[in-house]
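Engineer: can't give you the sequence, but here's the structure:
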């Protein structure tokens with residue numbers, strides 16, 4: 001029984017397809033599994049893929065780029081249950097080994113949403129309920145040696161599994177402080193699928209910036225008649241005509257660029273990666289993480305303060321060597337923390353480098369200045385906003401005239417930075433939604449301070465130790 005037949009069978013999934021127009025989703029599923037299409041499905045297929053030739057057998061990879069509220073989560077669950085219950089992978093498994101349909105989502109909440117759909121399908125269909133061997137906190141174990149498991153997006157979550165299918169939800173929004181999590185996870189999944197000839201990876205996501213694995217797949221494979229890779233792009237209304245027009249129109253009126261991505265299924269033209277991983281790597285020293293103070297250097301300190309509940313509080317120390325800026329150290333206090341204790345710790349670090357002053361932004365009004373002053377450090381307000389600091393640091397990075405410590409979280413924050421146009425038309429450089437740039441901001445401040453130092457003044461104003 002193929003997935004379309006299962007979706008239309010009253011004894012299986014048909015109850016969930018009684019309302020609404022599912023023709024676009026049936027066209028997508030037919031393409032993914034290499035099934036025959038009717039004339040309308042063929043028209044939808046050609047429109048959404050840019051292809052003339054449909055796959056004749058199940059694809060190895062399917063990348064779905066679709067607007068919000070299009071039905072991605074439900075379809076992810078349907079595919080997971082179908083693959084787990086209707087495919088026999090035991091011929092490829094060793095005795096005692098279980099194959100896993102692995103569902104990875106951006107966060108725990110989204111993963112649970114998909115799991116609830118999948119759980120309902122299994123438990124509410126008598127034919128499938130009889131297959132259930134055990135339910136766990138993170139999945140369903142079936143009697144056919146296949147499990148459906150959910151996890152948050154992490155390359156560590158993929159290790160140790162024999163993956164018969166991997167379903168990656170909202171991959172365009174897998175922002176972490178690690179470097180390139182989507183790339184790392186996609187690469188980490190491949191070994192787990194190596195022993196399963198008919199293993200499948202499906203990626204379903206709303207689009208975002210023109211970067212990352214989703215955009216790479218779109219750029220390389222959209223419109224290509226590849227028998228193993230399918231890229232499907234559609235707006236919300238194509239996949240789910242029941243979404244009211246007024247909601248979509250209101251979104252376009254409020255923010256056309258964001259709405260074109262969220263509901264139009266288009267990658268954003270107003271967003272671009274600030275700096276590439278290759279550039280960051282070219283500026284990163286192999287070791288050590290922190291350089292010891294040297295009395296002949298003049299050091300600069302920049303801090304990004306925080307109240308201790310949500311964001312990290314960070315510090316960076318820099319100096320200049322000829323035409324190059326060197327970041328000697330970065331420090332981070334992760335929330336929750338006591339701001340007074342962290343200020344004392346940072347003050348001790350600054351004094352170790354011969355510093356009695358630190359520069360930072362206007363966060364928190366007077367309290368950072370008071371706390372640092374109490375710890376023997378004068379707090380100077382930065383004369384540039386964070387966007388200006390990032391902008392002024394970029395030429396140093398492109399020319400490899402800056403040396404960055406090998407801190408994975410720092411690398412991730414730098415490569416996640418995005419440049420976009422503000423309402424005034426000016427560039428804004430900041431972290432993506434849900435991301436952080438506390439370490440990157442401190443580093444940029446310290447780098448710009450050292451880069452802007454006057455050479456003659458440095459020669460006559462060395463630190464007294």
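Structural biologist: Yep, it's here. In this text the structure is predicted, and so the values were computed from the model without any measurement.

Engineer: so what's residue 24 up against?
Structural biologist: Residues in contact with residue 24 (C-beta atoms under 8 Å, 6 or more residues apart in numbering) are 44, 48, 234, 238, 239. Heads up, the C-betas are built off the backbone N, CA and C, glycines and all.

Engineer: quickly find the element holding the residue nearest to residue 340 when sequence neighbours are not counted.
Structural biologist: Counting by C-beta to C-beta, 6 or more residues apart in numbering, residue 371 is the residue found nearest to residue 340 once chain neighbours are left out, at 6.0 Å. Assigned by DSSP states H and E, residue 371 falls within helix 367-374.

Engineer: and the residue nearest to residue 121 when sequence neighbours are not counted, how many neighbours?
Structural biologist: Excluding the flanking residues, the one nearest residue 121 by C-beta to C-beta, 6+ apart is residue 81, at 4.7 Å. By other C-beta atoms under 10 Å, 27 other residues sit near residue 81.

Engineer: I'd guessed residue 81 sits against residue 118; true?
Structural biologist: Yes. Contact criterion C-beta atoms under 8 Å: residue 81 and residue 118 qualify, at 5.3 Å.

Engineer: any residues in contact with both of the two?
Structural biologist: The contact sets of residue 81 and residue 118 overlap at residue 148 (C-beta under 8 Å, 6+ apart).

Engineer: per-domain residue ranges of this protein.
Structural biologist: Under the assignment automatic domain parsing, the domains of the chain span 3-269, 277-460.

Engineer: can I get those domains in CSV including mean pLDDT?
Structural biologist: Shown next, in CSV, are the domains of the chain (pLDDT from 0 to 100):
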stretch, mean pLDDT
domain 3-269, 91
domain 277-460, 90
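
Engineer: so which residue is smack in the middle of the chain?
Structural biologist: Residue closest to the average C-alpha location in the chain (C-alpha atoms, centre = their mean): residue 174, at 2.0 Å.

Engineer: now the closest residue to that one other than its chain neighbours. Its backbone dihedrals?
Structural biologist: Distances taken as C-beta to C-beta, 6+ apart put residue 153 closest to residue 174, at 4.4 Å, once the chain neighbours are dropped. In this entry, residue 153 is assigned phi and psi values of phi -70, psi 110 (degrees, to the nearest 10).

Engineer: how close does residue 153 sit to residue 105?
Structural biologist: For residue 153, the distance to residue 105 (C-beta to C-beta, to the nearest Å) stands at 7 Å.

Engineer: same check on residue 340?
Structural biologist: Distance of residue 340 to residue 105, computed by C-beta to C-beta: 38 Å.

Engineer: which one of these two is surrounded by more residues?
Structural biologist: residue 105 (25 against 13).

Engineer: remind me which helix or strand the residue nearest to residue 121 belongs to.
Structural biologist: Per DSSP H and E: residue 81 is located in helix 72-86.

Engineer: over to residue 204?
Structural biologist: strand 200-205.

Engineer: re the thing from before, so which bits of the helix holding residue 81 are buried?
Structural biologist: 72-85 (16 or more other C-beta atoms under 10 Å).

Engineer: and if you look at stretch 298-308?
Structural biologist: 298, 299, 300, 301, 302, 303, 304, 305, 306, 308.

Engineer: same thing with stretch 389-405?
Structural biologist: Under the neighbour-count criterion of 16+ other C-beta under 10 Å, stretch 389-405 has 389-394, 396-397, 401-405 buried.

Engineer: with stretch 40-51 instead?
Structural biologist: Per 16+ other C-beta under 10 Å, stretch 40-51 contains these buried residues: 41, 44, 45, 48, 49, 51.

Engineer: who's in contact with the third one?
Structural biologist: By that I understand residue 45. Taking C-beta under 8 Å, 6+ apart, we find residue 45 in contact with 27, 28, 30, 31, 37, 51, 54.

Engineer: give me that answer again for 6 Å
Structural biologist: 27, 31, 54 (C-beta atoms under 6 Å, 6 or more residues apart in numbering).

Engineer: please tabulate the residues you listed in JSON lines, including the columns neighbour count, secondary structure and distance to residue 375.
Structural biologist: Listed next are those as JSON lines, based on neighbours: other C-beta atoms under 10 Å; DSSP: H, G, I helix; E, B strand; the rest coil; distance: C-beta to C-beta, whole Å:
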{"residue": "27", "neighbour count": "29", "secondary structure": "helix", "distance to residue 375": "65"}
{"residue": "31", "neighbour count": "24", "secondary structure": "helix", "distance to residue 375": "63"}
{"residue": "54", "neighbour count": "20", "secondary structure": "coil", "distance to residue 375": "68"}
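
Engineer: identify, from these, the entry nearest to residue 273.
Structural biologist: Comparing the contacts of residue 45 against residue 273 with C-beta to C-beta places residue 31 closest, at 30.3 Å.

Engineer: can you give me the helices for the stretch 201-350 of the chain?
Structural biologist: 212-221, 236-239, 245-254, 256-262, 277-283, 339-352 (DSSP state H, counting those that start in this stretch).

Engineer: what's the closest of the ones you listed to residue 14?
Structural biologist: helix 236-239 (19.2 Å).

Engineer: tell me the helices and strands packed up against the longest helix along the chain.
Structural biologist: Under DSSP state H, the helix in the chain containing the largest number of residues is helix 108-124. Judged by 3 or more C-beta pairs under 6 Å, 6 or more residues apart in numbering; DSSP states H and E, the packing partners of helix 108-124 are helix 72-86, strand 146-152.

Engineer: residue 17 is nearest to which of these?
Structural biologist: For residue 17, the closest of the helices and strands packed on helix 108-124 is helix 72-86, at 9.5 Å, according to C-beta to C-beta.

Engineer: need the contact partners of that closest one.
Structural biologist: Counting by C-beta under 6 Å, 6+ apart, 3, 6, 25, 101, 103, 113-114, 117-118, 121, 128, 131, 142, 146, 148, 165, 167, 169, 204 sit against helix 72-86.

Engineer: now with 8 Å?
Structural biologist: Counting by C-beta under 8 Å, 6+ apart, 1, 3, 6-7, 13, 16, 25, 28-29, 32, 64, 66, 101, 103, 110, 113-115, 117-118, 121-122, 128, 131, 140, 142, 144, 146-148, 164-165, 167, 169-170, 200, 202, 204-206 sit against helix 72-86.

Engineer: also stretch 390-401?
Structural biologist: Contacts of stretch 390-401 (C-beta under 8 Å, 6+ apart): 274-275, 279-280, 282-283, 323-325, 384, 402, 417, 427, 429, 440, 443-444, 447-448, 451.

Engineer: filter those to the buried ones?
Structural biologist: 274-275, 279-280, 283, 324-325, 384, 402, 417, 429, 440, 443-444, 447-448, 451.

Engineer: among the residues you listed, name the ones in strands.
Structural biologist: Applying DSSP state E to the buried ones among the contacts of stretch 390-401, the entries found in strands are 324, 325, 402, 429.
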